[in-house]
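**Student:** Below are the sequence and a predicted model; questions follow.
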Amino acid sequence: EKMVAAAAAASRRTALVCGVANARSIAWASARGLLRSGYDVVCTYQSERFASQVERLVERENEDMLARYMNEQASAAGLDVPAPRMGCLPCDASCDDSMASLFGERLPACLSDMNASHQQQSKYRQQRRLDALIHSVAYAPPDAMKDGTLLDTSRESFGVAH
């Protein structure tokens with residue numbers, strides 16, 4: 001049974017979801033779906049403006065996932081498979097330095113921390129890698145949605161949006 005738990009922990013996949021802004025963002029729905037499918041997930045948010053909100057979302061989701069896993073583990077003959085985890089990091093996709101920092105320093109450190117956490121829980125060494133990337137970074141000028149509908153977006157605002 002311990003070998004089964006170790007193999008399950010070792011096969012855990014990791015996803016990077018870029019562009020979480022709030023609980024209504026497509027990126028957040030994607031991140032939650034991946035987590036509930038068994039992925040460890042690292043979310044990015046654009047700036048400090050979004051940091052506390054995204055951090056709270058991630059913390060709540062981790063708590064919910066841990067509680068769900070504890071209940072499942074109790075009914076799964078005592079297999080000790082660590083729950084999938086979610087983390088979050090800043091990344092402004094419009095800034096080369098921010099992108100370099102994410103991929104050169106912050107993401108590897110976050111993956112290493114997740115790996116250490118899983119090793120402590122499962123006593124099984126695994127090499128972390130990125131298995132999936134979801135790009136959900138978007139921008140539109142504030143006036144693009146002033147009437148609440150995309151159908152009325154001006155050509156100028158449409159040209160700026162990405």
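**Tutor:** In hand now; what should we look at?
**Student:** buried stuff in the strand or helix carrying Ser157?
**Tutor:** Per DSSP states H and E, Ser157 falls inside helix 155-160. By 16 or more other C-beta atoms under 10 Å, the buried positions in helix 155-160 come out as Ser157. For every residue, glycine as well, the C-beta is placed using N, CA and C.
**Student:** Residues contacting that helix, please?
**Tutor:** Identification of contacts with helix 155-160 by C-beta atoms under 8 Å, 6 or more residues apart in numbering yields Tyr139, Ala140, Pro141, Asp143, Ala144.
**Student:** which residues of this protein score low on pLDDT?
**Tutor:** 1-11, 71-81, 116-128, 148-150, 161-162 (pLDDT under 70).
**Student:** how much space between Glu61 and Val20?
**Tutor:** Glu61 is 11 Å from Val20, where distance means C-beta to C-beta, to the nearest Å.
**Student:** tell me the helices in this structure, going along the chain?
**Tutor:** Assigned by DSSP state H, the chain shows helices spanning 2-10, 26-36, 48-75, 96-101, 107-122, 155-160.
**Student:** Identify each buried residue in the third one, please.
**Tutor:** Okay, so that is helix 48-75. Phe50, Val54, Leu57, Val58, Glu61, Asn62, Met65, Gln73.
**Student:** elements contacting that helix?
**Tutor:** Judged by 3 or more C-beta pairs under 8 Å, 6 or more residues apart in numbering; DSSP states H and E, the packing partners of helix 48-75 are helix 26-36, strand 40-45, strand 86-90.
**Student:** quick one: the closest residue to Asp143 other than its chain neighbours from Ala140, how far?
**Tutor:** For Asp143, ignoring the flanking residues on the chain, the nearest one in space by C-beta to C-beta, 6 or more residues apart in numbering is Ser157 at 6.3 Å. Note on Ser157: its distance to Ala140, by C-beta to C-beta, is 6 Å.
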